[in-house]
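[1] with the sequence up front, the predicted model follows.
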Amino acid sequence: MNCLQSWPEPVVRVQSLSDSGIHAIPERYIKPLTDRPGLKTCSEIEEHVDIPVVDLQNLFGKDQALREETLRCISRACQDWGFFQAVNHGVSHDLMRRTREVWRGFFNLPLEVKQVYANAPSTYEGYGSRLGVEKGAILDWSDYFFLHFMPVSLRNQSKWPAQPSSCRELVAEYGAEVVKLCGKLLKAMSTNLGLQEDYLQKALGGEDIGACLRVNFYPKCPQPDLTLGLSSHSDPGGMTILLPDHDVAGLQVRKNGKWITVKPVPNAFIVNVGDQLEVLSNEIYKSVEHRVIVNSAKDRVSLAFFCNPKSDLLIEPAKELVSKDRPALYNPMTFDEYRLYIRTKGPCGKAQVESLKSNR
């Protein structure tokens with residue numbers, strides 16, 4: 001990881017650019033014509049559909065018929081979309097609201113306060129403004145704060161913001177609740193795959209499963225049609241639980257070659273399959289390309305909680321899902337090796353998980 005100890009160029013905070021009152025974005029943020037959200041070919045025009053909404057209320061209730069129907073809804077969403085919005089998920093709506101607002105408060109602090117937490121590409125932990133270390137790369141219109149939550153041995157609250165004063169306490173409480181939700185969803189997904197209920201949890205590390213939080217801040221942009229808040233990618237980890245900004249839509253999911261803007265349901269989480277679950281399920285579940293567009297009038301804040309494998313575990317298709325008719329589609333790789341690829345290249349569609357595919 002020595003090559004990833006520092007950024008290749010001086011880091012510019014996008015929020016500072018936005019606040020400076022510029023009317024045109026710097027060239028470094030202008031995407032190639034084919035990637036600009038303002039330019040759509042006939043085949044890319046947005047469809048009037050949205051990702052599935054799944055009510056989790058009956059997932060672990062006593063009514064077997066209702067539980068099985070919920071499991072079927074999750075299964076269809078994971079196979080057909082790789083995304084769904086989860087309602088009645090058990091996490092306090094007030095806790096969700098307060099956690100999102102405390103992070104908005106952090107990004108509204110003076111720059112010199114935030115700079116104390118400036119990050120490096122070796123771990124990404126802290127206050128950042130770019131992904132990938134390729135010199136001269138076209139950058140995204142966003143800042144972020146990244147922190148480790150699980151395993152507990154990697155959790156270092158001194159690296160979490162001390163301001164606003166309730167930030168550390170809220171992150172700990174919110175993270176604990178979302179970890180519980182991840183566990184419930186992994187059990188449901190394992191069951192749907194015909195595996196032991198605890199298979200996916202164990203395959204990702206059991207009690208040593210990884211979890212981290214990236215809080216995304218997308219400042220107002222004077223030319224939103226020329227750039228992206230986050231370039232097209234699939235999530236490298238196991239599963240992502242996203243708390244979106246319910247006031248400003250921004251997440252787009254690629255479905256059948258078309259970009260669909262997700263309309264957030266109030267108090268819902270957006271759940272998506274990551275690359276590691278695609279590998280473990282031998283492509284029964286699919287991670288899906290998604291990106292983030294920006295807004296000319298409003299800032300956006302979203303919280304992405306990543307459920308990831310233990311870093312040194314070898315991830316490969318479950319043996320129960322491999323047969324003569326459906327051989328293993330992916331070569332084994334540890335999450336540490338996979339992350340190094342991501343940190344070097346930055347977001348790049350589905351190229352990273354496709355690179356794992358075997359040549360059979």
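    Nice, I can see it. Keep in mind that what you see is a predicted model, and the values were worked out from it rather than measured.
[2] any idea how far the nearest residue to residue 203 once chain neighbours are set aside is from residue 56?
    Distances taken as CB to CB, 6 or more residues apart in numbering put residue 280 closest to residue 203, at 5.6 Å, once the chain neighbours are dropped. (Each C-beta comes from the backbone N, C-alpha and C, glycine too.) Taking CB to CB, to the nearest Å as the measure, residue 280 falls 22 Å from residue 56.
[3] before we move on, what about residue 191?
    From residue 191 to residue 56 the distance is 14 Å (CB to CB).
[4] how about residue 79?
    With the distance defined as CB to CB, residue 79 ends up 18 Å from residue 56.
[5] in terms of neighbours, single out the busier of these two.
    residue 56 (22 against 15; other CB atoms under 10 Å).
[6] quick one: contacts for the more buried one?
    By CB atoms under 8 Å, 6 or more residues apart in numbering, residue 56 lies in contact with 70, 86-90, 184.
[7] now list the buried members of those.
    Among these, those that count as buried by neighbour count (16 or more other CB atoms under 10 Å) are 70, 86, 89.
[8] need the longest helix for this structure.
    helix 167-192 (DSSP state H).
[9] so for it, what gets flagged as buried?
    Using 16+ other CB under 10 Å as the burial criterion, the residues of helix 167-192 that qualify are 167-168, 170-171, 174-175, 177-179, 181-182, 185-192.
[10] ok, now which ones touch residue 6?
    So residue 6 contacts 120-121 (CB under 8 Å, 6+ apart).
[11] the closest residue to residue 26 other than its chain neighbours: how many residues sit nearby?
    Nearest residue to residue 26, sequence neighbours excluded (CB to CB, 6+ apart): residue 17, at 7.2 Å. By the criterion of other CB under 10 Å, residue 17 has 19 neighbours.
[12] I'd like to know how far residue 17 sits from residue 198.
    Counting by CB to CB, the gap from residue 17 to residue 198 is 47 Å.
[13] go on, residue 266?
    From residue 266 to residue 198 the distance is 32 Å (CB to CB).
[14] kindly report the same for residue 185.
    To residue 198, residue 185 is 13 Å away according to CB to CB.
[15] do residue 50 as well
    Using CB to CB, we find residue 50 at a distance of 32 Å from residue 198.
[16] one more: residue 32?
    Counting by CB to CB, the separation of residue 32 from residue 198 is 44 Å.
[17] which residue ranges form the strands in this structure?
    Shown for the chain, the strands assigned by DSSP state E span residues 53-55, 83-87, 126-128, 143-150, 210-218, 230-233, 239-243, 251-255, 258-261, 269-273, 290-292, 300-308, 314-315, 333-334.
[18] of those, which is nearest residue 7?
    For residue 7, the closest of the strands of the chain is strand 126-128, at 9.0 Å, according to CB to CB.
[19] who's in contact with stretch 166-185?
    Stretch 166-185 has contacts (CB under 8 Å, 6+ apart) with 56, 59-60, 74, 86, 89-92, 95-96, 98-99, 102-103, 105-106, 147, 149-150, 157, 160-162, 201, 211, 213, 239, 241, 269, 271, 303, 305, 307.
[20] could you give me the average pLDDT of it?
    For stretch 166-185, the mean pLDDT works out to 97.
[21] and what of stretch 223-230?
    96.
[22] pull up the distance across it, start to finish.
    Start-to-end span of stretch 223-230 (CA to CA, to the nearest Å) is 15 Å.
[23] need the helix or strand of the protein with the lowest average pLDDT.
    helix 351-354 (a mean of 63; mean pLDDT, DSSP states H and E).
[24] can you give me the distance of the residue nearest to residue 9 when sequence neighbours are not counted to residue 10?
    In space, and not counting its chain neighbours, residue 9 is closest to residue 135: 6.5 Å by CB to CB, 6+ apart. Distance, residue 135 to residue 10, using CB to CB: 12 Å.
[25] ok so, going back, which of the contacts of stretch 166-185 are buried, as a ChimeraX select command?
    In ChimeraX, a selection of the buried entries from the contacts of stretch 166-185 looks like this (16+ other CB under 10 Å):
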select :56,59,74,86,89,91,96,99,102,103,105,106,147,149,150,160,161,201,211,213,239,241,269,271,303,305,307
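[26] now the helices for the protein?
    14-19, 64-80, 93-107, 111-115, 167-192, 199-203, 275-280, 335-345, 351-354.
[27] out of those, which is closest to residue 255?
    helix 64-80 (8.9 Å).
[28] outside of that closest one, which residues touch it?
    51-52, 54-61, 83-84, 185, 188-189, 191-192, 273, 284-286.
[29] and for stretch 110-129?
    1, 4-7, 11-14, 16, 106-107, 131-133, 139, 142-148, 156, 159, 161, 163, 343.
[30] list buried residues within those.
    Taking 16+ other CB under 10 Å as the criterion, what is buried in the contacts of stretch 110-129 is 4, 7, 11, 13-14, 106-107, 131-133, 139, 142-148, 161, 343.
[31] how close does residue 166 sit to residue 160?
    11 Å.
[32] repeat for residue 223
    Plainly put, residue 223 is 34 Å away from residue 160 if you go by CB to CB.
[33] residue 226 now?
    34 Å.
[34] now the closest residue to residue 191 other than its chain neighbours: phi and psi?
    Of all residues beyond its chain neighbours, the one nearest residue 191 is residue 197 (5.6 Å), with distances taken as CB to CB, 6+ apart. Torsion angles at residue 197 (phi, psi; degrees, to the nearest 10) stand at phi -50, psi -30.
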